[in-house]
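> Task: produce atomic coordinates for the following.
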Amino acid sequence: MDIRHLRYFVAVAEALSFAKAARDLHMSQPPLSKRIADMENELGVRLFDRSSKHVSLTTAGQALLPQARAAVGAFDCAMRVARSASPNKSRRLRISLPPETSRSVILDVVDHLRRENVQVNMVEASTAEQQRLLSAGEIDVAVLRQPFGARGLRVSASLGQKFGVLMQADHPLAKREKLQLADLRLYPLVIFNRDLAPGLYDEMLELCRAGGYVPPRLLHGVRTTAALLTAEQAVTFTTERHLKRRGQEGSGELTWKPLAGSPLHCWTSAVCRSQNWDRLTRLAVNAILDSLQEHEGWVPMPRPGVKRPSASRAGKSAGAGARDHHGNPAP
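Below you'll find the predicted structure:
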C-alpha cells in the first residue's frame, strides 16, 4: 500500500460514489475499484458497503477517513517543505507535454529551468493520461488541451490557436480560399481517438454540428491522418502553424484552408496540483507559456464564458449521424 491508495480511498469516501470519484481522479472506474479492493485485502477489513445504487462507509472506513485525510495532507506538506527547504540545491520537476509539442518548446523549457538549477524529466502523454498522472502525483506540471476537469488543479491562463481545414491538394474544396463548416458536410472527418482528450473531442463535434457539419463518417487516427485524407477524400482540423512545423506546407500533397468566422479553436493551459503551487512550479508554468507563444504561435486567448484563471500570468458529444471508419455510429 502507498499514498496513492489513501488518496483513492479519500476520494471515494468523500464522493460516496466510485463513478464520481473516478471522474474526479481522472481515471476509469475498474482500476479504482481494484485498488480499493487491494487496500481492503491488505488491511483485512471492508471499508465500504456497496450495492448497485448505494455506497457507504463501514465502521472501519469511518475510523480510517480522518486518519487518511491527515496522512495525505502530511505527505503533501512534507513534499512541499522538502522541495522548498534548500533553494540552492537542484530540484527535479516532472513535466508532461502533448505528443505534438515541438522540439523547440521542449529544448527551450529544459534550458530555462536548468539555468535555475532545476532538473527536468519530460513525459509525453495525452490530456487524459496527463490528468491521471497529476491525480496520482506522478508528474508536477502538465500541459492540457481544454476543456478538462479542473478540480484539485491550479490552471494557468488560456492560450489559443484557430483551427482550419486540412485536406488533400486535389480535394474538391481545395480551390476555395476560405471554407464554411457546412461546406464539409459530404466528407468524412479524421479525428483523434476520444480517449486522448474527451472534452476537446466532444466540443469539436458539437461545434461542427452547430455549424452545419455532421460528418458522414469519423476516421480515427493521428499518425495515419495524411493517408486517411488521401484514401478517403476526408478532411481534418489543425492549425496552420502545426502544419508548417510538420514540413507539409508547400509539399503539394496537402493544403490548409481557414474557416470563415473562426468557429473552431484549440485552447491549452499549463496546470499543476493546487497544493504544489510554489516558486519553482510557477517558474515552470511561465516558462512553458512563454515558450509555447514564442515557438508554436499560441496567443493569450481566454475561452468564451470562462473566467480568466489567476494561477499564472500568461507571460506572454459526437454529431448525430456521424459514423466511424467501420460504419458504426460514432461514440
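> After the worst-scoring helix or strand of the chain on mean pLDDT, which helix or strand is next?
Least confident helix or strand, the chain: helix 240-245 with a mean of 71, by mean pLDDT, DSSP states H and E. Next along the chain after helix 240-245, taking DSSP states H and E as the criterion, comes strand 254-257.
> Parallel or antiparallel, list what pairs with that following strand.
Applying DSSP bridges, strand 254-257 is found paired with strand 164-168 (antiparallel).
> quick one: strands adjacent to the longest strand along the chain?
Longest strand of the chain, by residue count under DSSP state E: strand 265-273. Sheet partners assigned to strand 265-273 using DSSP bridges are listed as strand 141-145 (antiparallel), strand 153-155 (antiparallel), strand 159-162 (antiparallel).
> Tell me which of these sits most buried.
Compared across these, strand 141-145 shows the largest average neighbour count, a mean of 26 (mean count of other C-beta atoms under 10 Å). (C-beta placed from N, C-alpha, C; glycine too.)
> Which strand residues bridge residue 122?
Under DSSP bridges, the beta-bridge partners of residue 122 are residue 95.
> What's the mean pLDDT across the longest strand of the chain?
Mean per-residue pLDDT for strand 265-273: 95.
> Show me where this structure has its helices.
Using DSSP state H, the helices of the chain run over 3-15, 18-24, 29-43, 59-85, 103-114, 127-135, 198-210, 225-232, 240-245, 279-296.
> Can you check which of these gets nearest to residue 190?
Among the helices of the chain, helix 225-232 comes nearest to residue 190, with 4.8 Å by C-beta to C-beta.
> what sits up against that closest one?
166-168, 188, 190, 217, 219, 221, 234-236, 248, 253-254, 325 (C-beta atoms under 8 Å, 6 or more residues apart in numbering).
> got the angle for it vs strand 164-168?
60 degrees (axes from the mean of the first three to the mean of the last three C-alpha atoms, to 10 degrees).
> which parts of helix 225-232 are buried?
Under the neighbour-count criterion of 16 or more other C-beta atoms under 10 Å, helix 225-232 has 225, 226, 228, 229, 230, 232 buried.
> Among the strands paired with strand 265-273, which comes closest to residue 55?
Going by C-beta to C-beta, the one of those nearest residue 55 is strand 153-155, 24.8 Å.
> Quick one: mean pLDDT over that closest one.
93.
> hang on, the earlier thing: return the member of the contacts of helix 225-232 nearest to residue 102.
Nearest to residue 102 among the contacts of helix 225-232 is residue 248, at 14.2 Å by C-beta to C-beta.
> Just the pLDDT for the closest one.
Residue-level pLDDT assigned to residue 248 equals 46.
> Same check on the one 4 residues further on?
Per-residue pLDDT puts residue 252 at 54.
> Residue 308 now?
pLDDT, residue 308: 42.
> same check, this time on residue 27
71.
> Tell me the spacing between it and residue 12.
According to C-beta to C-beta, to the nearest Å, residue 27 stands 12 Å off from residue 12.
> More neighbours: which of these two?
residue 12 (26 against 20; other C-beta atoms under 10 Å).
> Pull up the per-residue confidence for the more buried one.
93.
> ditto for residue 187
97.
> In space, what's closest to it - neighbours in sequence excluded?
Of all residues beyond its chain neighbours, the one nearest residue 187 is residue 235 (5.1 Å), with distances taken as C-beta to C-beta, 6 or more residues apart in numbering.
> Would you confirm that that neighbour contacts residue 186?
No - contact criterion C-beta atoms under 8 Å: residue 235 and residue 186 do not qualify, at 9.9 Å.
> Just want to know which of the two has more residues nearby.
Neighbours were counted for residue 235 and for residue 186 using other C-beta under 10 Å; residue 235 has more, 25 against 12.
> any idea how far the more buried one lies from residue 208?
Per C-beta to C-beta, residue 235 is found 11 Å from residue 208.
> Now do the shared contacts for those two.
Common neighbours of residue 235 and residue 208, using C-beta under 8 Å, 6+ apart, are 184, 189.
> The closest residue to residue 147 other than its chain neighbours: what's it in contact with?
Closest residue in space to residue 147, ignoring its immediate chain neighbours: residue 199 at 3.9 Å, by C-beta to C-beta, 6+ apart. Going by C-beta under 8 Å, 6+ apart, residue 199 touches 127, 145, 146, 147, 148, 149.
> number of nearby residues for the closest residue to residue 197 other than its chain neighbours?
Among residues not flanking residue 197 along the chain, residue 127 sits closest, at 4.0 Å (C-beta to C-beta, 6+ apart). For residue 127, the count of nearby residues is 24 (other C-beta under 10 Å).
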